[in-house]
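Asks: Got a predicted structure here, sequence first:
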Amino acid sequence: MARELKLVIDRSRDTLLSDALGVASLVALLFVGLCLPGLV
């Protein structure tokens, strides 16, 4: 299992940073979307 995870990470190293940035932006949009009705 650990070996398979390491192989997956090694194969997807090129897109790992862009995927992490995409997840962070989606979390930020969700947070803003949930807090916005309370501000208005």
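Replies: Cool, got the structure.

Asks: and S25, how many residues sit next to it?
Replies: 10 (other C-beta atoms under 10 Å). In short, each C-beta sits where N, CA and C put it, glycine included.

Asks: just R13 next, same as before
Replies: For R13, the neighbour count with other C-beta under 10 Å is 9.

Asks: Quick check: it vs G22, distance?
Replies: 16 Å (C-beta to C-beta, to the nearest Å).

Asks: With K6 instead?
Replies: K6 is 22 Å from G22, by C-beta to C-beta.

Asks: Nearest the middle, which residue of this protein would you pick?
Replies: Nearest residue to the geometric centre of the chain (C-alpha atoms, centre = their mean): V23, 2.1 Å.

Asks: Can you tell me how far that residue is from R3?
Replies: 25 Å.

Asks: swap in S12?
Replies: Relative to R3, S12 is positioned 15 Å away (C-beta to C-beta).

Asks: Mind checking which of those two has more residues around it?
Replies: S12 (10 against 7).

Asks: In which helix or strand does the nearest residue to that one once chain neighbours are set aside reside?
Replies: Nearest non-adjacent residue to S12, counting by C-beta to C-beta, 6 or more residues apart in numbering: D19, 7.8 Å away. Per DSSP states H and E: D19 is located in helix 13-39.
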